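**Student:** Need a 3D model of the sequence below.
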Amino acid sequence: MNLYAFFAVVNFFTSLILGIFVFASNRKDKINLSFSLFASAVAFWSFGYYFWQVSTSAETALFWCRLLMAGAVFIPFTYLCFVFRFLEIFEQKKRFLLFTFLLFLIFFFLDFTPLFISHVEPILGFKFWPIAGPFYTVFLVFWFFYVIYSTYLLYKKYQIAKGIVRFQIAYVSLGMIIGFLGGATNYFLWYRVPIPPFANILVSVYVAMVAYAIVKHHLMDVKVIATEMFAVFLTLLTLIDVFRAGNMMEMVGRLVLFFLTLFFSTLLISSILNEVRRREEMEQLTMQLQKIAKQLKTANKDLQRLDDAKSEFLSIASHQLRTPLTIIKGYISMMLEGNFGRVPKLLKTNLEKVSTAGERLLSLVESLLDISRIEAGRLEFDLKPTDLSEIVKSLAQDFQTKAGEKKVKLTFYNEGKIPSVTADAQKAKEVISNLIDNSVKYTPEGEIMLGLHQEGQSVVFSCQDTGMGIEPDDLPRLFNKFVRGKGMMQVHTEGTGLGLYFARVVIENMGGRIWAESPGKGQGSKFCFSLPLADKGRARKVK
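**Tutor:** Sure, this is the predicted structure:
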C-alpha cells in the first residue's frame, strides 16, 4: 500500500465516522443530515480512491477512477446543500439546488464515458493515472464555481453574524479552504502537469473541522474532538496493521487487537456522545429557565401595572367616598343634638346606630386612604423629638371608659423618666391607639397593661393583654395587608386587617421595628414596637 492509498483509507474512515457521529448526535436536525450526506460523498470518493491506487491493471484502475469521480461529482452539490442549511436559506434556494442537482447528474452519467475520463496511463510514478476527457474541464469549472460561491455566502454571513455562529462560520470556511485546496492537488496530473496530489490528506482535516463547527449549535471542547479523532486513527492503524501480517497466526493476533481497539473506541465515543447529550440538555434547561424568567419578568410588570391601577382606584374611590360620608355623619350628629327639632326616642336610637355604622365606614375609608398613600409613596412623616409617655398616658385615659364597659382593667406602667424618640407624633399616636383598641376588642375580660421602657438606644412600647391570644402560625404574617388571626372574625366582624399593616409601615419608616408575641390561643398577646432615641440631626419631614 502506497502513501496515497493510506491517505485514502484515512479520508474514508474519517469522513464515514464523522458523518455517522454528526447524524447520530441529532437525527432530526436537517443541518446534521445534510452534513452527513456531504461526508458520505467524500467517503465514497475516498473508497474509490483507495482501490484505484491498489489496482493491478489498467481496466480495473479505470473502473475505480470512474467510481471515485462518481462520488466527487456530488461533493460540491452536497456541500452546497449543507451551506444553505447552515445559513438557513435552503427554502429560498430550492430552485437553484434543483438546477445544480440536474447539472451534476449529467456529469455523473458522463463520468462512465471517455468524454469525462479518457483513459489511464503511467505518469510521475503512478502506474494508472487518469487523463481528463473534454467534459472534465467543464466539470472543474462548475466545481470551482460552487466552491467559490459557497465561500462567498459564508463570508457574507460572517460579516453580520455574532457570538457562537461567527465562530462556527469561521471553522466551516477555514475547513473548506484547507480541504478543497488539498483535494485540488489531485487535478494537476489529470492535465499532465507534474505536481503530485501531496495535500490529499487535508480532505480529512476539512471534514473534521466542519463537523467540529456544526455539532448542535455549540463548539465542542477541543479535548473531546481530539479524543474522538485519536480513537478513530488508532482503530484505522490497527486495521491497516492486519493487512500487513506475515502469517495466519500473526493476522489472528492483529485481528483480536483491532476488535479490542474498536470495542474500546466505540465505548469512548459513546461516552463522549452522552456527555454532549447531557450538555445539550443543560443548555436547553438553561434556555427554558431564561425563557421562564423573561415571562415572569413580563408578568411581574403586568402585575405591577395592575397593582398601581388598583392603588390609584382605591385612592380615588376613597377620596370620593370620604366627602359624602363626612356630610352624612355631620347631619346625623346635628339631628341627634336636636338642631332640627326634637327627635323621637325610637328614631334617635336608630340614628345612633346609623351614626355608629357611618363612623365605622369612615374609619375604613381612612384606612384605605392610608394604604393608597403608602403604596403610592405619598405618606408623609414629620420626624422630630417626641415624648411617647405623654401620648400613651393620654390614650390610656381615653380608653378607660371603653375598657371599663367590658370590665377590663387598663393600666399604664411608666418606668421612670423615658427619653424622647425621633417620631411623627400624630402617626405614633395612631399606631398606639390602634394597638390599644385591638387589645380592648379582643379581651373579653382580664387586664391590659401598657408599658414604656428604654433598651439601649431605643424606647420600647408594649401593650399586653389577657385576651384571645394568637396561634403560632399566624404570628409571621400578622403584619401583612388584609390579614387577621384565626377566630378574630367571630369576635369582631368589622375588622379589615389593615391596622397592623399600617402600624408596621409607619414604625419601620420612622426607623423602628414592630412585633407580636403570644404563648398561644386563649393565653393573651403582647404587641410591641421600638423607636430610636431623639436625635436633632434626624428631625425632618420625609415622604
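**Student:** Which helix or which strand is home to the spatially most distant residue from the centre of the chain?
**Tutor:** Distance to the chain centre peaks in the chain at Arg342, reaching 74.6 Å (criterion: C-alpha atoms, centre = their mean). Here Arg342, judged by DSSP states H and E, is contained in no helix and no strand.
**Student:** all helices for the stretch 201-350 of the chain, in order.
**Tutor:** Shown for the stretch 201-350 of the chain, the helices assigned by DSSP state H, counting those that start in this stretch span residues 202-214, 222-242, 248-336, 345-376.
**Student:** Where does pLDDT dip in the stretch 51-200 of the chain?
**Tutor:** Within the stretch 51-200 of the chain, the ranges that satisfy pLDDT under 70 run 163-164, 199-200.
**Student:** Cys81 and Lys93 touch, don't they?
**Tutor:** No: in this structure, Cys81 is not within contact of Lys93 by C-beta atoms under 8 Å, at 9.1 Å. To be clear about C-beta, it is placed using only N, CA and C from the backbone, and glycine gets the same treatment.
**Student:** Neighbour count: those two, which is higher?
**Tutor:** Shown here are Cys81 and Lys93; by other C-beta atoms under 10 Å, Cys81 has more neighbours (22 against 17).
**Student:** Just give the nearest non-adjacent residue to that one, would you?
**Tutor:** In space, and not counting its chain neighbours, Cys81 is closest to Ser34: 4.8 Å by C-beta to C-beta, 6 or more residues apart in numbering.
**Student:** list the contacts for the nearest residue to Tyr136 once chain neighbours are set aside?
**Tutor:** Nearest residue to Tyr136, sequence neighbours excluded (C-beta to C-beta, 6+ apart): Phe116, at 5.4 Å. Listed by C-beta atoms under 8 Å, 6 or more residues apart in numbering, the contact set of Phe116 reads Arg66, Met69, Phe107, Leu110, Gly133, Phe135, Tyr136, Phe139.
**Student:** doesn't the third one fall inside a helix?
**Tutor:** Yes: counting by DSSP: H, G, I helix; E, B strand; the rest coil, Phe107 is found in a helix.
**Student:** what's the spacing between the residue nearest to Tyr136 and Ser433?
**Tutor:** Phe116 sits 104 Å away from Ser433, going by C-beta to C-beta, to the nearest Å.
**Student:** now do Gln290
**Tutor:** The value you get for Gln290 to Ser433, if C-beta to C-beta is used, is 50 Å.
**Student:** now do Gly404
**Tutor:** 17 Å.
**Student:** which stretch of helix or strand covers Asn438?
**Tutor:** Residue-wise, Asn438 maps onto helix 425-441 under DSSP H and E.
**Student:** How far off centre is that helix?
**Tutor:** Centre-to-centre, helix 425-441 and its host chain are 47 Å apart (C-alpha atoms, centre = their mean, to the nearest Å).
**Student:** Tell me the buried residues in it?
**Tutor:** 425, 427-436, 438-441 (16 or more other C-beta atoms under 10 Å).
**Student:** Going along the chain from the lowest-mean-pLDDT helix or strand in the chain, find the next helix or strand for me.
**Tutor:** Across the helices and strands of the chain, mean confidence by mean pLDDT, DSSP states H and E is lowest for helix 488-491: a mean of 50. Using DSSP H and E, the helix or strand that follows helix 488-491 towards the C-terminus is helix 499-509.
**Student:** So which elements touch that next one?
**Tutor:** With contacts taken as 3 or more C-beta pairs under 8 Å, 6 or more residues apart in numbering; DSSP states H and E, helix 499-509 sits against helix 345-376, helix 425-441, strand 513-517, strand 525-532.
**Student:** The same query, at a cut-off of 7 Å, please.
**Tutor:** For helix 499-509, the elements it packs on are helix 345-376, helix 425-441, strand 513-517, judged by 3 or more C-beta pairs under 7 Å, 6 or more residues apart in numbering; DSSP states H and E.
**Student:** got the angle for it vs strand 513-517?
**Tutor:** 140 degrees (axes from the mean of the first three to the mean of the last three C-alpha atoms, to 10 degrees).
**Student:** tell me the mean pLDDT for stretch 270-284?
**Tutor:** Mean per-residue pLDDT for stretch 270-284: 74.
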